[in-house]
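In: quick one: sequence plus predicted model below, questions after.
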Amino acid sequence: MDWKIFFATFGAIFFAELADKTQLVGIGMSAKTGKAVNVWMGSVAAYMVVTAISVIIGLIAGSFLKPELIKICGGTLFIVMGILMLAGKL
């Protein structure tokens with residue numbers, strides 16, 4: 001295993017997800033149900049599926065597109081979504 005890639009990915013995902021909507025949903029679900037273990041297991045399972053899908057898409061896209069183009073498209077999409085959220089359209 002390439003530990004450098006592992007820890008770089010872990011760090012990027014960990015800090016990107018802090019105080020994200022995902023955590024707010026987990027907090028809300030735990031508070032509402034009182035079943036923290038069930039909420040945790042559901043969250044982990046959902047994130048595993050979402051991550052698997054994104055990794056597969058990245059692998060496929062990476063074979064057709066340059067990584068720089070993927071980074072630019074991702075950043076642009078992120079900015080557009082932020083603007084739409086600020087404008088109340090999303």
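Out: Noted; the coordinates are in hand.
In: for this protein, what's the longest helix?
Out: helix 36-64 (DSSP state H).
In: contacts for the helix or strand following that one?
Out: Counting by DSSP states H and E, the element after helix 36-64 in chain order, helix or strand, is helix 67-86. With contacts defined as C-beta atoms under 8 Å, 6 or more residues apart in numbering, helix 67-86 is touched by 58, 61, 62, 90. C-beta: built from backbone N, CA, C; applies to glycine.
In: and the average pLDDT for stretch 52-69 is what?
Out: Across stretch 52-69, the average pLDDT comes to 92.
In: swap that for stretch 17-35, please
Out: Averaging pLDDT residue by residue across stretch 17-35 gives 89.
In: how about stretch 82-90?
Out: Taken as a whole, stretch 82-90 has an average pLDDT of 89.
In: what about that stretch, distance to the chain center?
Out: 19 Å (C-alpha atoms, centre = their mean, to the nearest Å).
In: cool, and stretch 16-27?
Out: 10 Å.
In: re the thing from before, for the longest helix of the chain, packing partners?
Out: Applying 3 or more C-beta pairs under 8 Å, 6 or more residues apart in numbering; DSSP states H and E, one finds that helix 36-64 contacts helix 21-33, helix 67-86.
In: how much space between the residue located most distally from the centre of the chain and residue 1?
Out: Distance from the C-alpha centroid of the chain peaks at residue 34, with 25.1 Å (C-alpha atoms, centre = their mean). For residue 34, the distance to residue 1 (C-beta to C-beta, to the nearest Å) stands at 38 Å.
In: same question for residue 85.
Out: In terms of C-beta to C-beta, residue 85 sits 37 Å off from residue 1.
In: quick one, which of those two is more surrounded?
Out: residue 85 (10 against 5; other C-beta atoms under 10 Å).
In: okay, now residue 72: neighbour count?
Out: Neighbours around residue 72, by other C-beta under 10 Å: 11.
In: what do you get for residue 25?
Out: With other C-beta under 10 Å as criterion, residue 25 counts 14.
In: could you find the closest non-adjacent residue to it?
Out: With sequence-adjacent residues excluded and distances taken as C-beta to C-beta, 6 or more residues apart in numbering, residue 25 is closest to residue 43, at 7.9 Å.
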